[in-house]
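K.L.:
This is the structure alone, sequence omitted:
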(Lines give C-alpha, C1' and ligand atoms only; values in the text may rest on other atoms or scores of the structure.)
Protein backbone atom coordinates (compact mmCIF):
# COMPACT_ATOMS: atom_id res chain seq x y z
CA UNK A 1 0.00 0.00 0.00
CA UNK A 2 1.18 3.49 -0.83
CA UNK A 3 -0.20 6.12 1.57
CA UNK A 4 0.27 9.87 1.01
CA UNK A 5 -0.68 12.85 3.15
CA UNK A 6 -1.54 15.89 1.01
CA UNK A 7 -1.93 19.49 2.12
CA UNK A 8 -3.05 22.42 -0.01
CA UNK A 9 -0.37 25.10 0.31
CA UNK A 10 -2.57 27.36 -1.79
CA UNK A 11 -5.82 26.49 -3.56
CA UNK A 12 -3.68 25.47 -6.56
CA UNK A 13 -0.54 24.05 -4.95
CA UNK A 14 -0.24 20.77 -3.09
CA UNK A 15 2.46 19.35 -0.83
CA UNK A 16 2.47 15.60 -0.18
CA UNK A 17 4.36 13.37 2.21
CA UNK A 18 4.69 9.61 1.96
CA UNK A 19 3.19 8.07 5.08
CA UNK A 20 4.50 4.87 6.64
CA UNK A 21 1.89 4.70 9.36
CA UNK A 22 -1.06 6.71 10.60
CA UNK A 23 -0.15 6.50 14.28
CA UNK A 24 -2.96 8.49 15.87
CA UNK A 25 -6.20 10.21 15.01
CA UNK A 26 -8.54 11.95 17.41
CA UNK A 27 -10.95 14.84 17.71
CA UNK A 28 -10.78 17.26 20.60
CA UNK A 29 -13.33 19.95 21.47
CA UNK A 30 -11.35 22.28 19.22
CA UNK A 31 -9.81 20.42 16.29
CA UNK A 32 -8.86 17.17 14.60
CA UNK A 33 -5.49 15.86 15.76
CA UNK A 34 -3.36 13.39 13.77
CA UNK A 35 0.11 11.93 14.09
CA UNK A 36 1.69 10.46 10.96
CA UNK A 37 4.90 8.49 10.65
CA UNK A 38 6.39 9.81 7.39
CA UNK A 39 9.38 8.58 5.41
CA UNK A 40 11.06 11.97 4.97
CA UNK A 41 10.05 14.03 8.00
CA UNK A 42 9.72 11.43 10.74
CA UNK A 43 6.67 11.95 12.93
CA UNK A 44 4.33 14.73 11.89
CA UNK A 45 1.63 16.49 13.93
CA UNK A 46 -1.29 17.83 11.93
CA UNK A 47 -4.19 19.90 13.29
CA UNK A 48 -7.33 20.05 11.16
CA UNK A 49 -5.28 18.53 8.35
CA UNK A 50 -2.47 21.12 8.35
CA UNK A 51 1.15 20.29 9.26
CA UNK A 52 2.08 21.96 12.54
CA UNK A 53 5.34 20.28 13.37
CA UNK A 54 7.60 17.52 12.04
CA UNK A 55 10.53 15.79 13.70
CA UNK A 56 12.83 16.74 10.82
CA UNK A 57 12.31 20.50 10.59
CA UNK A 58 10.72 21.61 13.90
CA UNK A 59 14.14 22.72 15.20
CA UNK A 60 14.11 25.62 12.73
CA UNK A 61 10.76 26.95 13.90
CA UNK A 62 11.36 26.47 17.61
CA UNK A 63 14.88 27.87 17.66
CA UNK A 64 13.87 30.94 15.70
CA UNK A 65 10.75 31.68 17.80
CA UNK A 66 12.81 31.56 21.02
CA UNK A 67 16.43 32.61 20.68
CA UNK A 68 15.99 35.93 18.86
CA UNK A 69 14.23 37.47 21.88
CA UNK A 70 16.48 35.72 24.41
CA UNK A 71 19.65 36.97 22.71
CA UNK A 72 18.24 40.50 22.56
CA UNK A 73 17.48 40.60 26.29
CA UNK A 74 19.49 37.99 28.21
CA UNK A 75 17.92 39.12 31.51
CA UNK A 76 14.48 37.69 30.66
CA UNK A 77 13.14 35.84 33.72
CA UNK A 78 9.41 35.40 33.31
CA UNK A 79 7.91 34.15 30.05
CA UNK A 80 4.35 33.58 28.84
CA UNK A 81 3.92 31.13 25.97
CA UNK A 82 0.54 30.96 24.23
CA UNK A 83 -0.26 27.92 22.11
CA UNK A 84 2.84 25.77 21.56
CA UNK A 85 1.07 22.55 22.46
CA UNK A 86 3.83 20.38 20.97
CA UNK A 87 6.25 21.66 23.60
CA UNK A 88 9.08 22.64 21.23
CA UNK A 89 9.14 26.28 22.30
CA UNK A 90 9.26 25.24 25.97
CA UNK A 91 12.18 22.90 25.19
CA UNK A 92 14.19 25.79 23.74
CA UNK A 93 13.30 28.15 26.62
CA UNK A 94 14.19 25.53 29.22
CA UNK A 95 17.83 25.66 28.04
CA UNK A 96 18.21 29.10 29.68
CA UNK A 97 19.21 28.84 33.36
CA UNK A 98 18.32 32.54 33.80
CA UNK A 99 14.61 31.95 33.13
CA UNK A 100 12.74 31.52 36.39
CA UNK A 101 9.15 30.97 35.29
CA UNK A 102 7.41 29.85 32.10
CA UNK A 103 3.62 29.98 31.95
CA UNK A 104 2.24 28.09 29.00
CA UNK A 105 -1.38 28.58 27.98
CA UNK A 106 -2.67 26.06 25.47
CA UNK A 107 -6.37 25.91 24.71
CA UNK A 108 -6.35 22.22 23.77
CA UNK A 109 -5.10 19.77 26.41
CA UNK A 110 -5.48 16.89 24.01
CA UNK A 111 -2.74 18.33 21.76
CA UNK A 112 -0.34 18.30 24.70
CA UNK A 113 -1.34 14.78 25.72
CA UNK A 114 -0.89 13.45 22.19
CA UNK A 115 2.49 15.18 21.78
CA UNK A 116 3.72 13.84 25.12
CA UNK A 117 2.98 10.36 23.83
CA UNK A 118 4.03 10.62 20.18
CA UNK A 119 6.46 13.55 19.97
CA UNK A 120 8.83 13.26 22.94
CA UNK A 121 11.41 15.14 20.85
CA UNK A 122 9.42 18.35 21.31
CA UNK A 123 7.39 17.60 24.45
CA UNK A 124 10.34 16.42 26.56
CA UNK A 125 10.73 19.56 28.68
CA UNK A 126 7.09 20.18 29.56
CA UNK A 127 7.83 18.73 33.01
CA UNK A 128 10.56 21.28 33.75
CA UNK A 129 9.74 22.54 37.27
CA UNK A 130 9.72 26.15 36.03
CA UNK A 131 6.83 25.40 33.64
CA UNK A 132 3.19 26.01 34.63
CA UNK A 133 0.65 24.57 32.21
CA UNK A 134 -2.74 26.28 31.83
CA UNK A 135 -5.32 24.68 29.57
CA UNK A 136 -7.25 27.83 28.80
CA UNK A 137 -8.04 30.27 26.01
CA UNK A 138 -4.93 32.47 25.62
CA UNK A 139 -7.11 35.42 24.64
CA UNK A 140 -8.94 35.30 27.98
CA UNK A 141 -5.78 34.50 29.98
CA UNK A 142 -3.92 37.69 28.99
CA UNK A 143 -6.92 39.94 29.70
CA UNK A 144 -6.31 39.73 33.43
CA UNK A 145 -2.52 40.25 33.40
CA UNK A 146 -0.75 43.57 33.82
CA UNK A 147 2.96 44.49 33.74
CA UNK A 148 4.05 40.97 34.54
CA UNK A 149 6.05 39.26 31.76
CA UNK A 150 9.45 39.97 30.20
CA UNK A 151 8.56 37.99 27.09
CA UNK A 152 5.36 36.71 25.49
CA UNK A 153 5.65 34.14 22.70
CA UNK A 154 2.54 33.57 20.61
CA UNK A 155 3.12 30.17 19.05
CA UNK A 156 -0.26 29.96 17.38
CA UNK A 157 -1.86 28.07 14.53
CA UNK A 158 -3.17 30.02 11.51
CA UNK A 159 -5.62 32.95 11.86
CA UNK A 160 -8.69 30.74 11.50
CA UNK A 161 -10.13 28.00 13.71
CA UNK A 162 -8.98 27.86 17.34
CA UNK A 163 -6.07 30.27 16.67
CA UNK A 164 -8.24 33.08 15.31
CA UNK A 165 -8.47 35.04 18.57
CA UNK A 166 -4.67 35.19 18.75
CA UNK A 167 -4.60 37.46 15.69
CA UNK A 168 -7.00 40.12 16.99
CA UNK A 169 -6.37 43.72 17.98
CA UNK A 170 -7.78 43.03 21.42
CA UNK A 171 -5.30 40.21 21.96
CA UNK A 172 -2.23 42.19 20.89
CA UNK A 173 -3.36 45.11 23.07
CA UNK A 174 -3.67 42.80 26.05
CA UNK A 175 -0.21 41.38 25.34
CA UNK A 176 1.16 44.92 25.43
CA UNK A 177 -0.52 45.47 28.80
CA UNK A 178 0.70 42.13 30.17
CA UNK A 179 4.33 42.93 29.33
CA UNK A 180 6.71 44.83 31.60
CA UNK A 181 8.07 48.16 30.42
CA UNK A 182 10.94 46.45 28.59
CA UNK A 183 8.81 43.51 27.41
CA UNK A 184 9.10 41.70 24.08
CA UNK A 185 6.34 40.02 22.03
CA UNK A 186 7.25 37.35 19.48
CA UNK A 187 4.43 35.98 17.34
CA UNK A 188 3.82 33.49 14.54
CA UNK A 189 3.46 35.92 11.65
CA UNK A 190 2.43 33.80 8.62
CA UNK A 191 4.19 34.11 5.23
CA UNK A 192 4.60 36.73 2.50
CA UNK A 193 4.27 34.45 -0.50
CA UNK A 194 0.87 32.87 -1.16
CA UNK A 195 -2.07 35.29 -1.11
CA UNK A 196 -3.93 33.93 1.92
CA UNK A 197 -0.81 33.76 4.10
CA UNK A 198 0.29 37.21 2.98
CA UNK A 199 -3.08 38.62 3.98
CA UNK A 200 -2.62 37.10 7.45
CA UNK A 201 0.87 38.63 7.60
CA UNK A 202 -0.34 42.11 6.70
CA UNK A 203 -3.32 42.01 9.07
CA UNK A 204 -1.17 40.88 12.01
CA UNK A 205 1.46 43.55 11.31
CA UNK A 206 -1.14 46.30 10.99
CA UNK A 207 -2.59 45.45 14.40
CA UNK A 208 0.74 45.04 16.24
CA UNK A 209 2.14 48.31 14.84
CA UNK A 210 -0.73 50.09 16.54
CA UNK A 211 0.57 49.14 20.01
CA UNK A 212 4.35 48.67 20.02
CA UNK A 213 7.01 51.34 19.35
CA UNK A 214 9.42 48.69 18.01
CA UNK A 215 7.73 46.41 15.48
CA UNK A 216 9.80 44.24 13.14
CA UNK A 217 9.43 41.01 11.21
CA UNK A 218 12.04 38.31 10.65
CA UNK A 219 12.18 35.33 8.32
CA UNK A 220 13.36 31.74 8.25
CA UNK A 221 13.35 28.69 5.98
CA UNK A 222 10.62 26.25 6.99
CA UNK A 223 10.43 23.41 4.44
CA UNK A 224 7.02 21.99 5.47
CA UNK A 225 5.19 25.32 5.60
CA UNK A 226 3.61 26.85 2.46
CA UNK A 227 6.35 28.27 0.17
CA UNK A 228 9.01 27.44 2.80
CA UNK A 229 9.29 31.16 3.56
CA UNK A 230 7.92 31.88 7.01
CA UNK A 231 7.93 34.83 9.40
CA UNK A 232 7.87 35.74 13.07
CA UNK A 233 7.04 39.17 14.45
CA UNK A 234 9.29 40.89 17.00
CA UNK A 235 7.54 43.72 18.83
CA UNK A 236 8.76 45.45 21.94
CA UNK A 237 8.39 48.43 24.20
CA UNK A 238 12.11 49.20 24.25
CA UNK A 239 14.51 46.64 22.78
CA UNK A 240 15.61 46.70 19.16
CA UNK A 241 16.50 43.18 18.00
CA UNK A 242 19.55 44.32 16.02
CA UNK A 243 20.95 47.22 18.05
CA UNK A 244 20.38 45.51 21.38
CA UNK A 245 21.51 42.02 20.36
CA UNK A 246 24.04 40.88 22.93
CA UNK A 247 25.88 38.37 20.73
CA UNK A 248 28.74 37.83 23.16
CA UNK A 249 26.42 37.06 26.07
CA UNK A 250 24.39 34.64 23.97
CA UNK A 251 27.44 32.86 22.55
CA UNK A 252 28.93 32.57 26.05
CA UNK A 253 25.89 30.47 27.02
CA UNK A 254 27.22 27.81 24.61
CA UNK A 255 23.76 26.50 23.73
CA UNK A 256 23.64 23.85 21.03
CA UNK A 257 21.50 25.06 18.13
CA UNK A 258 21.18 23.66 14.63
CA UNK A 259 19.64 26.67 12.85
CA UNK A 260 19.96 29.78 15.02
CA UNK A 261 23.18 31.70 15.51
CA UNK A 262 23.82 35.36 16.19
CA UNK A 263 24.68 36.06 12.53
CA UNK A 264 21.43 34.58 11.30
CA UNK A 265 19.69 36.57 14.07
CA UNK A 266 20.76 39.78 12.31
CA UNK A 267 20.42 38.36 8.79
CA UNK A 268 16.85 37.19 9.34
CA UNK A 269 15.62 40.78 9.71
CA UNK A 270 16.86 41.64 6.21
CA UNK A 271 13.65 41.15 4.22
CA UNK A 272 13.09 41.03 0.45
CA UNK A 273 11.73 44.22 -1.09
CA UNK A 274 8.36 42.67 -1.93
CA UNK A 275 7.90 41.73 1.73
CA UNK A 276 9.00 45.14 3.02
CA UNK A 277 6.55 46.82 0.65
CA UNK A 278 3.64 44.71 1.86
CA UNK A 279 4.46 45.52 5.49
CA UNK A 280 4.97 49.22 4.80
CA UNK A 281 1.58 49.40 3.10
CA UNK A 282 -0.16 48.61 6.39
CA UNK A 283 2.03 50.63 8.76
CA UNK B 1 -10.82 18.14 -16.27
CA UNK B 2 -8.42 18.60 -13.40
CA UNK B 3 -4.76 18.51 -14.47
CA UNK B 4 -1.86 18.49 -12.00
CA UNK B 5 1.89 18.62 -12.51
CA UNK B 6 3.75 16.71 -9.80
CA UNK B 7 7.45 16.80 -8.99
CA UNK B 8 9.28 14.65 -6.46
CA UNK B 9 11.14 17.05 -4.16
CA UNK B 10 12.65 14.02 -2.46
CA UNK B 11 11.83 10.35 -3.03
CA UNK B 12 9.13 10.74 -0.35
CA UNK B 13 7.92 14.31 -0.85
CA UNK B 14 5.85 15.62 -3.73
CA UNK B 15 5.04 19.13 -4.91
CA UNK B 16 2.09 19.61 -7.25
CA UNK B 17 0.80 22.52 -9.29
CA UNK B 18 -2.64 22.82 -10.84
CA UNK B 19 -2.24 23.12 -14.60
CA UNK B 20 -4.61 25.13 -16.77
CA UNK B 21 -2.97 24.23 -20.05
CA UNK B 22 -0.01 22.21 -21.29
CA UNK B 23 1.26 24.86 -23.71
CA UNK B 24 4.30 23.15 -25.15
CA UNK B 25 6.12 19.84 -25.08
CA UNK B 26 9.23 18.92 -27.04
CA UNK B 27 12.40 16.90 -26.90
CA UNK B 28 15.76 18.39 -27.77
CA UNK B 29 19.04 16.53 -28.23
CA UNK B 30 19.62 17.04 -24.51
CA UNK B 31 16.36 16.96 -22.59
CA UNK B 32 12.57 17.08 -22.51
CA UNK B 33 11.22 20.63 -22.51
CA UNK B 34 7.71 21.57 -21.33
CA UNK B 35 5.82 24.78 -20.74
CA UNK B 36 2.80 24.66 -18.44
CA UNK B 37 0.24 27.35 -17.76
CA UNK B 38 -0.41 26.97 -14.01
CA UNK B 39 -3.03 28.63 -11.82
CA UNK B 40 -0.66 29.75 -9.06
CA UNK B 41 2.72 30.31 -10.71
CA UNK B 42 1.76 31.48 -14.21
CA UNK B 43 3.86 29.89 -16.94
CA UNK B 44 6.32 27.25 -15.82
CA UNK B 45 9.35 25.87 -17.66
CA UNK B 46 10.27 22.29 -16.82
CA UNK B 47 13.32 20.38 -18.10
CA UNK B 48 13.19 16.59 -17.84
CA UNK B 49 10.15 17.02 -15.60
CA UNK B 50 11.77 19.37 -13.05
CA UNK B 51 10.67 22.99 -12.51
CA UNK B 52 13.38 25.37 -13.69
CA UNK B 53 11.58 28.67 -13.70
CA UNK B 54 8.08 30.06 -13.07
CA UNK B 55 6.68 33.49 -13.86
CA UNK B 56 5.71 34.02 -10.22
CA UNK B 57 8.98 33.31 -8.41
CA UNK B 58 11.77 33.55 -11.02
CA UNK B 59 12.55 37.12 -9.90
CA UNK B 60 13.98 35.74 -6.65
CA UNK B 61 16.40 33.38 -8.36
CA UNK B 62 17.51 35.77 -11.09
CA UNK B 63 17.97 38.79 -8.84
CA UNK B 64 19.98 36.81 -6.31
CA UNK B 65 22.23 35.14 -8.90
CA UNK B 66 23.12 38.52 -10.42
CA UNK B 67 23.07 41.46 -8.03
CA UNK B 68 25.24 40.04 -5.23
CA UNK B 69 28.30 39.97 -7.49
CA UNK B 70 27.44 43.23 -9.24
CA UNK B 71 27.06 45.09 -5.93
CA UNK B 72 30.36 43.67 -4.69
CA UNK B 73 32.27 44.86 -7.75
CA UNK B 74 30.44 47.67 -9.59
CA UNK B 75 33.22 47.89 -12.19
CA UNK B 76 32.37 44.54 -13.80
CA UNK B 77 32.43 44.99 -17.58
CA UNK B 78 32.69 41.55 -19.18
CA UNK B 79 30.48 38.67 -18.05
CA UNK B 80 30.23 35.01 -19.01
CA UNK B 81 26.90 33.30 -18.29
CA UNK B 82 26.74 29.52 -18.59
CA UNK B 83 23.34 27.85 -18.87
CA UNK B 84 20.55 30.35 -18.16
CA UNK B 85 18.55 29.40 -21.25
CA UNK B 86 15.40 31.11 -19.96
CA UNK B 87 17.14 34.48 -20.19
CA UNK B 88 16.30 35.73 -16.67
CA UNK B 89 19.94 36.18 -15.64
CA UNK B 90 20.64 38.14 -18.83
CA UNK B 91 17.62 40.36 -18.13
CA UNK B 92 19.04 41.29 -14.71
CA UNK B 93 22.56 41.85 -16.06
CA UNK B 94 21.25 44.02 -18.88
CA UNK B 95 20.05 46.57 -16.33
CA UNK B 96 23.68 47.61 -15.66
CA UNK B 97 24.88 50.29 -18.08
CA UNK B 98 28.47 49.61 -16.96
CA UNK B 99 28.47 46.10 -18.42
CA UNK B 100 29.97 46.12 -21.92
CA UNK B 101 29.79 42.47 -22.97
CA UNK B 102 27.78 39.42 -21.93
CA UNK B 103 28.67 36.06 -23.43
CA UNK B 104 26.01 33.45 -22.81
CA UNK B 105 26.79 29.78 -23.42
CA UNK B 106 23.76 27.52 -23.40
CA UNK B 107 24.11 23.94 -24.56
CA UNK B 108 20.48 23.63 -25.68
CA UNK B 109 19.29 26.11 -28.31
CA UNK B 110 15.78 24.69 -28.13
CA UNK B 111 15.42 25.90 -24.51
CA UNK B 112 16.18 29.44 -25.64
CA UNK B 113 13.82 29.22 -28.61
CA UNK B 114 10.98 27.88 -26.44
CA UNK B 115 11.55 30.56 -23.77
CA UNK B 116 11.61 33.34 -26.36
CA UNK B 117 8.19 32.19 -27.47
CA UNK B 118 6.54 31.27 -24.17
CA UNK B 119 8.45 33.17 -21.47
CA UNK B 120 9.01 36.70 -22.76
CA UNK B 121 9.13 37.83 -19.11
CA UNK B 122 12.56 36.21 -18.74
CA UNK B 123 13.75 36.04 -22.36
CA UNK B 124 13.02 39.68 -23.20
CA UNK B 125 16.59 40.96 -23.03
CA UNK B 126 18.34 38.23 -25.00
CA UNK B 127 18.47 40.63 -27.94
CA UNK B 128 20.40 43.28 -26.02
CA UNK B 129 23.26 44.26 -28.37
CA UNK B 130 25.83 43.50 -25.64
CA UNK B 131 24.75 39.83 -25.54
CA UNK B 132 26.52 37.15 -27.61
CA UNK B 133 24.76 33.80 -27.66
CA UNK B 134 26.80 30.62 -28.03
CA UNK B 135 24.99 27.31 -28.31
CA UNK B 136 27.80 25.13 -27.03
CA UNK B 137 28.83 23.00 -24.10
CA UNK B 138 29.89 25.41 -21.32
CA UNK B 139 32.47 22.92 -20.10
CA UNK B 140 34.26 23.01 -23.46
CA UNK B 141 33.77 26.77 -23.93
CA UNK B 142 35.68 27.77 -20.79
CA UNK B 143 38.60 25.45 -21.54
CA UNK B 144 39.97 27.81 -24.15
CA UNK B 145 39.58 31.08 -22.16
CA UNK B 146 42.25 32.71 -20.04
CA UNK B 147 42.19 35.85 -17.87
CA UNK B 148 39.24 37.33 -19.72
CA UNK B 149 36.09 37.75 -17.61
CA UNK B 150 35.25 39.88 -14.56
CA UNK B 151 32.34 37.63 -13.65
CA UNK B 152 31.22 34.11 -14.52
CA UNK B 153 27.68 33.06 -13.59
CA UNK B 154 26.95 29.34 -13.71
CA UNK B 155 23.17 29.21 -13.98
CA UNK B 156 22.98 25.46 -14.35
CA UNK B 157 20.42 22.71 -13.90
CA UNK B 158 21.05 20.01 -11.29
CA UNK B 159 24.27 17.96 -11.19
CA UNK B 160 22.88 15.18 -13.37
CA UNK B 161 21.82 15.13 -17.03
CA UNK B 162 23.06 17.96 -19.28
CA UNK B 163 24.20 20.03 -16.27
CA UNK B 164 26.51 17.39 -14.84
CA UNK B 165 29.73 18.72 -16.39
CA UNK B 166 29.11 22.11 -14.75
CA UNK B 167 29.67 20.56 -11.32
CA UNK B 168 33.10 19.03 -12.03
CA UNK B 169 36.52 19.95 -10.69
CA UNK B 170 37.77 20.46 -14.22
CA UNK B 171 35.02 22.98 -14.93
CA UNK B 172 35.59 25.05 -11.77
CA UNK B 173 39.33 25.03 -12.44
CA UNK B 174 38.75 26.34 -15.95
CA UNK B 175 36.42 29.03 -14.58
CA UNK B 176 39.23 30.14 -12.28
CA UNK B 177 41.58 30.36 -15.24
CA UNK B 178 39.02 32.20 -17.39
CA UNK B 179 38.55 34.91 -14.75
CA UNK B 180 40.70 38.01 -14.43
CA UNK B 181 42.76 38.50 -11.29
CA UNK B 182 39.83 40.14 -9.48
CA UNK B 183 37.22 37.81 -11.01
CA UNK B 184 34.08 36.47 -9.31
CA UNK B 185 32.33 33.12 -9.86
CA UNK B 186 28.67 32.73 -8.89
CA UNK B 187 27.15 29.27 -9.23
CA UNK B 188 23.88 27.44 -8.68
CA UNK B 189 24.76 25.60 -5.48
CA UNK B 190 21.81 23.27 -4.75
CA UNK B 191 20.16 23.11 -1.29
CA UNK B 192 21.13 22.01 2.22
CA UNK B 193 17.87 20.32 3.16
CA UNK B 194 16.95 17.10 1.35
CA UNK B 195 19.72 14.47 1.20
CA UNK B 196 20.32 14.40 -2.55
CA UNK B 197 20.46 18.21 -2.88
CA UNK B 198 22.70 18.47 0.19
CA UNK B 199 25.11 16.01 -1.35
CA UNK B 200 25.24 18.20 -4.48
CA UNK B 201 25.88 21.25 -2.29
CA UNK B 202 28.75 19.62 -0.42
CA UNK B 203 30.38 18.22 -3.56
CA UNK B 204 30.25 21.58 -5.35
CA UNK B 205 31.67 23.41 -2.32
CA UNK B 206 34.48 20.91 -1.89
CA UNK B 207 35.59 21.38 -5.49
CA UNK B 208 35.33 25.19 -5.58
CA UNK B 209 37.21 25.60 -2.27
CA UNK B 210 40.15 23.89 -3.95
CA UNK B 211 40.60 26.78 -6.41
CA UNK B 212 39.37 30.07 -4.97
CA UNK B 213 40.79 31.94 -1.95
CA UNK B 214 37.36 33.46 -1.18
CA UNK B 215 34.63 30.83 -1.19
CA UNK B 216 31.24 31.53 0.40
CA UNK B 217 27.66 30.37 0.06
CA UNK B 218 24.50 32.47 0.28
CA UNK B 219 20.85 31.52 0.59
CA UNK B 220 17.44 32.65 -0.61
CA UNK B 221 13.78 31.62 -0.45
CA UNK B 222 12.73 29.84 -3.65
CA UNK B 223 9.17 28.52 -3.25
CA UNK B 224 9.12 26.13 -6.23
CA UNK B 225 12.49 24.48 -5.49
CA UNK B 226 12.75 21.50 -3.11
CA UNK B 227 12.35 22.68 0.52
CA UNK B 228 12.22 26.32 -0.64
CA UNK B 229 15.73 26.80 0.77
CA UNK B 230 18.21 27.30 -2.06
CA UNK B 231 21.83 28.41 -2.36
CA UNK B 232 24.27 30.15 -4.65
CA UNK B 233 28.04 29.98 -4.33
CA UNK B 234 30.17 33.14 -4.37
CA UNK B 235 33.84 32.43 -5.10
CA UNK B 236 36.46 34.97 -6.02
CA UNK B 237 40.15 35.65 -6.37
CA UNK B 238 40.01 38.87 -4.37
CA UNK B 239 36.60 40.32 -3.47
CA UNK B 240 34.79 39.48 -0.25
CA UNK B 241 31.02 39.80 -0.76
CA UNK B 242 30.46 41.42 2.65
CA UNK B 243 33.56 43.53 3.21
CA UNK B 244 33.71 44.75 -0.36
CA UNK B 245 29.98 45.34 -0.83
CA UNK B 246 29.58 48.87 -2.17
CA UNK B 247 26.01 49.46 -0.97
CA UNK B 248 26.00 53.18 -1.76
CA UNK B 249 27.15 52.64 -5.35
CA UNK B 250 24.56 49.92 -5.90
CA UNK B 251 21.72 51.91 -4.37
CA UNK B 252 22.69 54.96 -6.44
CA UNK B 253 21.97 52.90 -9.57
CA UNK B 254 18.32 52.93 -8.50
CA UNK B 255 17.54 49.55 -10.06
CA UNK B 256 14.05 48.21 -9.40
CA UNK B 257 14.29 44.86 -7.61
CA UNK B 258 11.57 42.89 -5.87
CA UNK B 259 13.73 40.56 -3.73
CA UNK B 260 17.32 41.81 -3.66
CA UNK B 261 18.48 44.77 -1.62
CA UNK B 262 21.83 45.53 -0.01
CA UNK B 263 20.59 44.44 3.43
CA UNK B 264 19.49 41.03 2.16
CA UNK B 265 22.83 40.84 0.31
CA UNK B 266 24.59 40.78 3.69
CA UNK B 267 21.86 38.78 5.45
CA UNK B 268 21.87 36.00 2.86
CA UNK B 269 25.43 35.01 3.81
CA UNK B 270 24.33 34.28 7.41
CA UNK B 271 23.73 30.54 7.20
CA UNK B 272 22.05 28.18 9.68
CA UNK B 273 24.43 26.11 11.81
CA UNK B 274 23.43 22.84 10.16
CA UNK B 275 24.37 24.30 6.76
CA UNK B 276 27.67 25.76 7.99
CA UNK B 277 28.60 22.40 9.49
CA UNK B 278 27.96 20.57 6.23
CA UNK B 279 30.11 23.06 4.32
CA UNK B 280 32.89 23.03 6.90
CA UNK B 281 33.04 19.23 6.71
CA UNK B 282 34.21 19.39 3.10
CA UNK B 283 36.54 22.40 3.32
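P.N.:
It's in. Every value quoted in this text rests on a predicted model; they were computed, and no experiment measured them.

K.L.:
need the residues of the stretch 101-250 of chain A near chain B, please.
P.N.:
By CB under 8 Å from any CB of the partner chain, the residues of the stretch 101-250 of chain A that approach chain B are A:193, A:194, A:219, A:221, A:222, A:223, A:227, A:228, A:229. To be clear about C-beta, it is placed using only N, CA and C from the backbone, and glycine gets the same treatment.

K.L.:
Go through these and flag which are in strands.
P.N.:
Within those, residues falling in strands by DSSP state E are A:219, A:221, A:229.

K.L.:
Could you check the pLDDT of the first one?
P.N.:
Pointing back at residue A:219 there. In this model, residue A:219 is scored at 98, pLDDT.

K.L.:
partners of it in the sheet?
P.N.:
Judged by DSSP bridges, the bridge partners of residue A:219 are residue A:231.

K.L.:
Roughly how far does it sit from residue B:280?
P.N.:
Note on residue A:219: its distance to residue B:280, by CB to CB, to the nearest Å, is 24 Å.

K.L.:
More neighbours: which of these two?
P.N.:
Neighbours were counted for residue A:219 and for residue B:280 using other CB atoms under 10 Å in any protein chain shown; residue A:219 has more, 23 against 9.

K.L.:
Pretty sure the more buried one sits against residue A:231.
P.N.:
Yes: in this structure, residue A:219 is within contact of residue A:231 by CB atoms under 8 Å, at 5.3 Å.

K.L.:
which neighbours do those two share?
P.N.:
Jointly contacting residue A:219 and residue A:231 under the rule CB atoms under 8 Å, 6 or more residues apart in numbering or on different chains are residue A:275.

K.L.:
Let me know the distance separating the most centrally placed residue in chain A from residue A:202.
P.N.:
Geometric centre of chain A, nearest residue: residue A:155, 3.2 Å, by CA atoms, centre = their mean. Remark: distance between residue A:155 and residue A:202 (CB to CB) = 20 Å.

K.L.:
swap in residue A:184?
P.N.:
Per CB to CB, residue A:184 is found 22 Å from residue A:202.

K.L.:
Comparing these two, which shows the higher neighbour count?
P.N.:
Neighbours were counted for residue A:184 and for residue A:202 using other CB under 10 Å; residue A:184 has more, 28 against 17.

K.L.:
In the stretch of helix or strand the more buried one belongs to, which residues are buried?
P.N.:
Following DSSP states H and E, one finds residue A:184 within strand A:179-188. Using 16 or more other CB atoms under 10 Å in any protein chain shown as the test for burial, strand A:179-188 gives A:179, A:180, A:183, A:184, A:185, A:186, A:187, A:188.

K.L.:
And for stretch A:153-170?
P.N.:
Those would be A:153, A:154, A:155, A:156, A:157, A:158, A:159, A:162, A:163, A:165, A:166, A:167, for stretch A:153-170 by 16+ other CB under 10 Å.

K.L.:
and that stretch, what's its mean pLDDT?
P.N.:
Stretch A:153-170 shows a mean pLDDT of 88.

K.L.:
Is it correct that residue A:269 is in contact with residue A:214?
P.N.:
No: with contacts counted by CB under 8 Å, residue A:269 stays clear of residue A:214, the gap being 11.5 Å.

K.L.:
joint contacts of those two?
P.N.:
Residues touching both residue A:269 and residue A:214 comprise A:234, A:241, with contact defined as CB under 8 Å, 6+ apart.

K.L.:
secondary structure element for residue A:260?
P.N.:
Following DSSP H and E, one finds residue A:260 outside all helices and strands.

K.L.:
Next, work out how far apart it and residue A:177 are.
P.N.:
Shown here: residue A:260 relative to residue A:177, a distance of 29 Å by CB to CB.

K.L.:
Likewise for residue A:169?
P.N.:
For residue A:169, the distance to residue A:177 equals 13 Å [CB to CB].

K.L.:
want to throw the residues of the stretch 101-250 of chain A next to chain B into JSON lines with distance to residue B:242?
P.N.:
Formatted as JSON lines, those follow (distance: CB to CB, whole Å):
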{"residue": "A:193", "distance to residue B:242": "27"}
{"residue": "A:194", "distance to residue B:242": "32"}
{"residue": "A:219", "distance to residue B:242": "19"}
{"residue": "A:221", "distance to residue B:242": "20"}
{"residue": "A:222", "distance to residue B:242": "25"}
{"residue": "A:223", "distance to residue B:242": "26"}
{"residue": "A:227", "distance to residue B:242": "27"}
{"residue": "A:228", "distance to residue B:242": "25"}
{"residue": "A:229", "distance to residue B:242": "23"}
